[in-house]
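A.B. asks: Kindly generate the corresponding structure for this input.
(one chain, ligands or ions: 1)
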Amino acid sequence: MLYAIRNESKIRATPNQKANCIGCNGIVNSFCGEIYNWHWKHDKKDNCDDWFEPETEWHLNWKQLFDKENTEVKISYEKKWHIADIYTNSKVVIELQYSSIDKRVIQTREDFYGEKMFWILNSKRMNIEPLNLDAYSVHSPLVFTTYFDTKVFVRPVWIADFWEFEPTEKLKEILEKNDFIYNTILKKYVKVSSYQTLRKWGYEDDIKKEVKREIILFARKIMKENPRLKKFSLWRPQKTWSDSKRNIFIDNSYSRILWIKSFENDRYGIVEEVDKQKFINKYVNAQ
Ligand SMILES: [Zn+2]
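C.D. replies: As a prediction, this is how the structure comes out:
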């Protein structure tokens with residue numbers, strides 16, 4: 001922890017000191033090395049906040065951006081308490097997550113902190129490589145493309161997904177001409193594959209060039225109107241975070257943060273690139 005309590009005030013660690021934990025009031029010792037940010041640590045962490053994860057430099061660096069009053073804040077609710085990593089002046093809880101976490105724990109935390117909370121994940125937990133919307137692929141589930149799916153229906157199908165964007169009349173016309181039908185449950189265009197087998201490769205001839213071309217043109221139009229939107233797909237399904245009900249921001253330690261705007265099927269979705277400095281300013285100075 002960056003802070004501990006002494007004489008009822010929050011203090012930073014200095015060499016060879018003891019103080020009390022913000023959460024459980026137990027004794028914490030200062031750790032003041034040459035490399036890492038100076039911080040406090042319990043002798044044993046067992047009877048403290050069970051949501052506490054071993055802190056990394058990444059945690060401490062994020063916390064240091066915020067004022068003392070907004071960092072490591074004990075939040076109590078119905079006899080339970082937890083230490084929020086960051087609690088802004090506008091009462092938003094920001095939880096920093098570096099290590100793996102169980103799906104149920106995510107839900108419990110979201111329920112405890114309520115709707116005014118969001119996550120910042122270290123990119124080690126979800127490494128998203130954003131692609132331009134017009135990057136076309138038939139081999140992986142992506143928005144603004146047509147991908148092969150064998151799970152949604154009994155027969156293999158092609159799915160064209162335009163996220164929340166309404167295709168142009170011309171694109172709709174071309175899709176319908178090529179046997180794509182709008183599925184009101186999936187809210188996507190679906191075409192039954194002419195192939196019965198489950199093999200996914202080599203079936204591009206099922207999708208006519210004019211379909212691809214029109215989808216790319218439509219993606220470019222959307223990209224022009226929304227320059228910060230990107231699409232992504234993951235190599236492995238990301239089951240842990242896909243059910244989260246809060247906003248998720250991924251910090252890859254560069255100048256941009258990726259805000260997950262949609263997350264379909266544990267596998268793919270849309271992110272918005274957010275300028276990290278603007279993001280920090282917004283929450284550090286939030287009134
Ligand atoms: Zn404690």
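
A.B. asks: Could you use CA atoms for every contact and neighbour count after this?
C.D. replies: Noted.

A.B. asks: Pull the residues that contact stretch 11-31.
C.D. replies: 2-6, 32, 38-43, 47-49, 72-74, 81-83 (Cα atoms under 8 Å, 6 or more residues apart in numbering).

A.B. asks: Buried members of these into PyMOL, please.
C.D. replies: Burial among these is assessed by 16 or more other Cα atoms under 10 Å; the matching PyMOL selection reads:
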select buried, resi 2+3+4+5+32+38+39+40+41+42+48+49+72+73+74+82+83
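
A.B. asks: which of the contacts of stretch 11-31 come close to the ion?
C.D. replies: Checking the contacts of stretch 11-31 against the ion by Cα under 5 Å from the ion, the ones in range are Cys48.

A.B. asks: The stretch 151-287 of the chain: strands as residue ranges?
C.D. replies: 157-160, 181-183, 188-192, 229-233, 247-251, 256-264, 268-275 (DSSP state E, counting those that start in this stretch).

A.B. asks: Partner strands of whichever strand or helix holds Phe148 and their direction?
C.D. replies: Assigned by DSSP states H and E, Phe148 belongs to strand 146-149. Taking DSSP bridges as the criterion, strand 146-149 forms sheet pairs with strand 157-160 (antiparallel).

A.B. asks: Return the strand it pairs with as PDB; C-alpha atoms alone will do.
C.D. replies: Taking Å, rounded to 0.1, in the frame of the first residue of the first chain, the C-alpha atoms of strand 157-160 are listed here in PDB:
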ATOM      1  CA  VAL A 157     -22.900 -20.100 -41.300                       C
ATOM      2  CA  TRP A 158     -21.200 -16.900 -42.300                       C
ATOM      3  CA  ILE A 159     -21.800 -14.000 -40.000                       C
ATOM      4  CA  ALA A 160     -21.400 -10.300 -40.900                       C
END
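
A.B. asks: Near the residue in the stretch 101-250 of the chain positioned nearest to the ion, how many other residues are there?
C.D. replies: Here the stretch 101-250 of the chain gets closest to the ion at one residue, Arg109, 17.9 Å apart by Cα to the ion. If you count neighbours by other Cα atoms under 10 Å, Arg109 ends up with 15.

A.B. asks: Helix or strand next in line after whatever helix or strand it lives in, which one?
C.D. replies: According to DSSP H and E, Arg109 maps onto helix 103-113. Moving toward the C-terminus from helix 103-113, the next helix or strand (DSSP H and E) is strand 117-122.

A.B. asks: Tell me, how many residues neighbour the nearest residue to Asn29 once chain neighbours are set aside?
C.D. replies: Closest residue to Asn29 in three dimensions, ignoring its sequence neighbours and counting by Cα to Cα, 6 or more residues apart in numbering: Lys18, at 4.7 Å. Neighbourhood size, Lys18 [other Cα under 10 Å]: 19.

A.B. asks: got it, and the one 4 residues further on?
C.D. replies: Taking other Cα under 10 Å as the criterion, the count of residues near Ile22 is 24.

A.B. asks: Also Glu225?
C.D. replies: By other Cα under 10 Å, neighbour count at Glu225 equals 10.

A.B. asks: do the same with Glu34
C.D. replies: Residues near Glu34, counting by other Cα under 10 Å, number 7.
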